[in-house]
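Peer 1: sequence unknown, structure follows:
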């Protein structure tokens, strides 16, 4: 059974600080990794995708992948109250995405 | 970018009736459609996967006769909840593969179904 694990939180971060979200996965052969943001009552929206070891930066967001440790993370710099949401980690399986349970992030003004 | 239009966004129906949810890919051909259900404060649960022109593949525990999926064209897939009951009340989301930059996993906006 392929699994994706996330701490459910909530993770509380002061406005302007760095929020760090973590995810581990069980299938060592996984190649594609995604971070989605989901606001309450809305569908998920893609934040970042990463396929190679190392860091990938897009604006205030940085995804980090370590395939040896089977670990992928998302850093959010200069956190804003609008970043408060549930962040879902997803790993591509054979034909579908395998989802983590999500981490609820709260940015405190 | 790739857009998936999902309708209706909200629906309230009486117990025992059927509800149809539509997902249309507006600017790409959706070769595969994934249907998810999400209960409050829980993660996405994949219900079924459908490929255009083929029968849907249902996940374990999902009743195929209750949740009818049709993917007759490359731009339209429908999920019909038949004989709905209050326990079917949930947030239903479609996700299409076939376009976009994220390996084509484009989500619809979701349908909030309430069965009374």
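Peer 2: Nice, I can see it. Every value quoted in this text rests on a predicted model; they were computed, and no experiment measured them.
Peer 1: drop to CA atoms for contacts and neighbour counts, all remaining ones
Peer 2: Will do.
Peer 1: for the closest residue to chain A within chain B, give me its contacts.
Peer 2: Relative to chain A, the nearest point of chain B is residue B:43 (4.7 Å; CA to the nearest CA). By CA atoms under 8 Å, 6 or more residues apart in numbering or on different chains, the contact set of residue B:43 is A:99, A:100, A:101, A:102.
Peer 1: around chain A, which positions in chain B sit nearby?
Peer 2: B:42, B:43, B:44, B:91, B:93, B:102, B:107, B:108, B:109, B:110 (CA under 8 Å from any CA of the partner chain).
Peer 1: residue A:32 against residue A:65, yeah?
Peer 2: No. If you go by CA atoms under 8 Å, residue A:32 and residue A:65 don't touch, sitting 10.0 Å apart.
Peer 1: sketch out the low-pLDDT regions of the chain for me.
Peer 2: With no chain named, the answer covers chain A. Applying pLDDT under 70 to chain A flags no residue at all.
Peer 1: nope, chain B
Peer 2: Using pLDDT under 70, chain B drops low at B:1, B:99-104.
Peer 1: could you show me where the strands are in chain A, in order?
Peer 2: A:4-5, A:11-14, A:19-25, A:33-38, A:45-50, A:54-58, A:61-66, A:71-76, A:85-92, A:97-99, A:103-108 (DSSP state E).
Peer 1: kindly report the same for chain B.
Peer 2: Assigned by DSSP E, the strands in chain B fall at B:4-7, B:10-13, B:19-25, B:32-38, B:45-51, B:57-58, B:67-73, B:76-81, B:90-97, B:106-107, B:111-115.
Peer 1: returning to what we had before: comparing the strands of chain A, which stretch has the densest surroundings?
Peer 2: strand A:85-92 (a mean of 25; mean count of other CA atoms under 10 Å in any protein chain shown).
Peer 1: ok now do the closest residue to residue B:107 other than its chain neighbours, which residues does it touch?
Peer 2: Sequence neighbours aside, residue B:95 is the residue nearest to residue B:107 in space, at 4.2 Å (criterion: CA to CA, 6 or more residues apart in numbering or on different chains). For residue B:95, the contact set (CA under 8 Å, 6+ apart) comprises B:4, B:33, B:34, B:35, B:36, B:105, B:106, B:107, B:108.
Peer 1: make JSON lines out of those residues and add distance to residue B:53.
Peer 2: Shown next, in JSON lines, are the contacts of residue B:95 (distance: CA to CA, whole Å):
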{"residue": "B:4", "distance to residue B:53": "19"}
{"residue": "B:33", "distance to residue B:53": "11"}
{"residue": "B:34", "distance to residue B:53": "14"}
{"residue": "B:35", "distance to residue B:53": "16"}
{"residue": "B:36", "distance to residue B:53": "20"}
{"residue": "B:105", "distance to residue B:53": "19"}
{"residue": "B:106", "distance to residue B:53": "20"}
{"residue": "B:107", "distance to residue B:53": "20"}
{"residue": "B:108", "distance to residue B:53": "20"}
